[in-house]
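A.B. asks: Coordinates for the following, if possible.
(chains A and B)
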Amino acid sequence: GEDVEQSLFLSVREGDSSVINCTYTDSSSTYLYWYKQEPGAGLQLLTYIFSNMDMKQDQRLTVLLNKKDKHLSLRIADTQTGDSAIYFCAESMRGSQGNLIFGKGTKLSVKP
Amino acid sequence: DTAVSQTPKYLVTQMGNDKSIKCEQNLGHDTMYWYKQDSKKFLKIMFSYNNKELIINETVPNRFSPKSPDKAHLNLHINSLELGDSAVYFCASSRLGETQYFGPGTRLLVL
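C.D. replies: Model prediction:
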């Protein structure tokens, strides 16, 4: 079945880079997403990558996709305290109206 | 203007009651979704719906039913609420198969 795995916690110092990793199982995924959830808030779409791309950069965010290993990563450069949140990796299933399968989320803590 | 909105934001109710959560999107999308986030923050799809097809996650009890009066709305009705239904429920919308945008969530507490 479909499964998306992430490590549950990551702690970094302010100004360092953060790298959040994700592995998925379904090679037919069309899109892969990163969502951010701040405490008590909803899900904010951060970025996404189409499955035929290797990399996507958007300001401080860099997404890397290794389709052979089914590995997705999100790098946040110059991490700030405001980046503290839970980051969810999700894959979009082909043929299911695009239903998203989410990882369990990585809680990023940024220490000053 | 909020793209995907949900009401109420908070809902506290007794076991056995029937309740509804409303969702509206003004993005012109044709597909809407309901997700459940439990106390451990795990997110799971419950339903997806467009004007042609309803897809139900087989793990969702039939006490839960989505109702769509029009393309911009997908409401969630829950009958005979149980303690285990306590969670945050997120609505989302998209063009079919494309990026989903989420509402702010409804925090349901069943006592």
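
A.B. asks: For residue A:34, which non-adjacent residue is closest in space?
C.D. replies: residue A:46 (4.5 Å; C-beta to C-beta, 6 or more residues apart in numbering or on different chains). C-beta coordinates here come from the backbone N, C-alpha and C atoms, glycine included.

A.B. asks: Alpha carbons of the helix or strand hosting the one you found, as CSV, please.
C.D. replies: Mapping residue A:46 onto the secondary structure by DSSP states H and E places it in strand A:43-50. What follows is strand A:43-50, C-alpha atoms only, in CSV (Å, rounded to 0.1, in the frame of the first residue of the first chain):
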residue,chain,number,x,y,z
LEU,A,43,-2.0,23.5,6.6
GLN,A,44,-0.1,26.0,4.5
LEU,A,45,1.2,24.8,1.1
LEU,A,46,4.9,25.6,1.0
THR,A,47,6.0,24.1,-2.3
TYR,A,48,5.5,21.1,-4.6
ILE,A,49,7.4,19.3,-7.3
PHE,A,50,6.2,17.4,-10.3
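
A.B. asks: what does it contact?
C.D. replies: A:30-38, A:55-56, A:58, A:61, A:63, A:65, A:72, A:74, A:87-88, B:43, B:90, B:92, B:99-102, B:105 (C-beta atoms under 8 Å, 6 or more residues apart in numbering or on different chains).

A.B. asks: quick one: the closest residue to residue A:92 other than its chain neighbours and residue B:60, what's the gap?
C.D. replies: Spatial nearest neighbour of residue A:92, chain neighbours left out: residue A:31 (4.3 Å); criterion: C-beta to C-beta, 6+ apart. According to C-beta to C-beta, to the nearest Å, residue A:31 stands 24 Å off from residue B:60.

A.B. asks: between those two, which one's more packed in?
C.D. replies: residue A:31 (20 against 16; other C-beta atoms under 10 Å in any protein chain shown).

A.B. asks: If you rank every helix and strand of the chain by mean pLDDT, what lands last?
C.D. replies: The chain I'm using is chain A. Across the helices and strands of chain A, mean pLDDT, DSSP states H and E gives its lowest value to strand A:100-102, namely a mean of 89.

A.B. asks: Please refer instead to chain B.
C.D. replies: strand B:54-56 (a mean of 81).

A.B. asks: do that strand and chain A meet?
C.D. replies: Yes. Interface with chain A: strand B:54-56 contributes residue B:55 (C-beta under 8 Å from any C-beta of the partner chain).
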